[in-house]
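# with the sequence up front, the predicted model follows.
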Amino acid sequence: MEKQMRWRWIATHLAAAAMGAGLVSLLALRSATPEPRGRPGPDPLRAGPAEFAWREHPPASFPIPPYARHLSGVKVVLDPGHVGQIDKGGDWKRGPTGLREAEVNLRVALYLREFLVAAGADVTLTRAEDVDLGLSDPEDLSARAKLANDLRADVLLSIHHNAGPPGANYTSVFYHGPPGHSPASQVVGRHVVAGLSEALRLDQHAECPLVSDWAIYPGEGFRVLREARVPAVLSEASFHSNPAEEQRLRDPLYNRREAYGLFLGLARWAQAGLPRVRLLEPADGRLRPAQRVVVELDDGLTGRGGLGNQTRKIIPESLVVRLDDKPAPFEVDWARRQVRFTPTREAARGAGRLLVDFTTVFGQTVLHPRIELTPERRP
Ligand SMILES: [Zn+2]
């Protein structure tokens, strides 16, 4: 990632400040419930009966859960960050004893691909070897985003590991831009955070591990996310700069644990339904004067059948229909799950950028909410 040293430094300091705030509140809590003199207070991470302890690693086991079947046919693009062949010397993207981030990213991606393929997902890697991509710039982030865009991937997951002061080691998952830019990216990010947390059992946790890339580059973000036109997140599962974590990251079993955490996140994301919209009218996508527009709403759940299937899954108040960034007055046919509207003559002459989005009871939003219409005649 470009300017990585800079943003990692900033990220680490933000996290250090956040952890400092956490420590203050922890101290306040302890002073409110004083321990008897001479006895150490309980370790908040290991309090209670032994079976409640946050162990570093659960026993190694990687079952494919039944709900992972909802990943079947889902288009996933995995982007193992950087390229191992490129070595700028010194400690560039290396841990304290020389472990290369690019190599770890790739191992995790290859393990993750195994899990996803076992669940029936349609997986593409931006690189499957530790060599360059044949691009003029091997670190070309635009090409990685373009690959996902051209495939119209359901999700692009860029896999990285973080660097900072030796003591830092926590998970961050980044989405692009302001909250409204791509709600679908934030949804997948939430699931990925939870999956990693469960799999890696790190002692440190960022106060809000789901982070906008604007926190690092205000108004700009990370190129691989900024240029993605599909749901996209970038995971920094842990810090390869942390001496103990670097040693764990050398262990293929630990890499597989991380991949499994990412897999569980994606499986639960798919279980929650992957909403889509489809243009029914105009069938050819051409917007003529007085042309009615009809869009089918697929909540990603109703097609499965089962208990409660007849109940509505889309939150009505969440429906948004915008033409060229302006709200379009629309009506909904809930029986057919369609929205309909007829743009004004003026609106029909616009650029034709249609956005239809909604939120389901499962908290999912439309994966590809943007529909391009072709206005019949431009002014
Ligand atoms: Zn990286």
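In hand now; what should we look at?
# going forward, measure contacts and count neighbours with C-alpha atoms only.
OK.
# which helix or strand contains Glu103?
Per DSSP states H and E: Glu103 is located in helix 101-118.
# which elements pack onto that helix?
Helix 101-118 is packed against strand 75-80, strand 122-125, strand 155-162, helix 252-271, with contacts defined by 3 or more Cα pairs under 8 Å, 6 or more residues apart in numbering; DSSP states H and E.
# so which of the ones you listed is the most surrounded?
Scoring these by mean neighbour count under mean count of other Cα atoms under 10 Å gives strand 155-162 as the most buried, with a mean of 26.
# and that strand, which strands flank it?
In the sheet, strand 155-162 lines up against strand 75-80 (parallel), strand 232-239 (parallel) (DSSP bridges).
# report the rounded mean pLDDT for the longest one.
For strand 232-239, mean pLDDT is 98.
# mind checking the end-to-end distance for stretch 273-289?
36 Å (Cα to Cα, to the nearest Å).
# same deal with stretch 361-376?
By Cα to Cα, the extent of stretch 361-376 from end to end equals 37 Å.
# which parts of it are buried?
Residues of stretch 361-376 classed as buried by neighbour count (16 or more other Cα atoms under 10 Å): Phe362, Gln364, Thr365, Val366, Leu367, His368, Pro369, Arg370, Ile371, Leu373, Thr374, Pro375.
# repeat for stretch 336-355
Across stretch 336-355, burial judged by 16+ other Cα under 10 Å covers 338-343, 347-350, 352-355.
# of those, which is the nearest to Asp150?
Nearest to Asp150, judged by Cα to Cα, of those is Arg353 at 18.4 Å.
# which residues touch the closest residue to Leu287 other than its chain neighbours?
Closest residue to Leu287 apart from its sequence neighbours, by Cα to Cα, 6 or more residues apart in numbering: Pro375 at 4.6 Å. With contacts defined as Cα atoms under 8 Å, 6 or more residues apart in numbering, Pro375 is in contact with Arg286, Leu287, Arg288, Ala348, Arg349, Gly350, Ala351, Gly352.
# the residues you listed in helices, which ones?
Among these, the ones falling in helices (DSSP state H) are Ala348.
# okay if I get the contacts of Pro375 as a markdown table plus distance to Glu331?
Formatted as a markdown table, the contacts of Pro375 follow (distance: Cα to Cα, whole Å):
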| residue | distance to Glu331 |
| --- | --- |
| Arg286 | 21 |
| Leu287 | 18 |
| Arg288 | 19 |
| Ala348 | 17 |
| Arg349 | 21 |
| Gly350 | 21 |
| Ala351 | 22 |
| Gly352 | 19 |
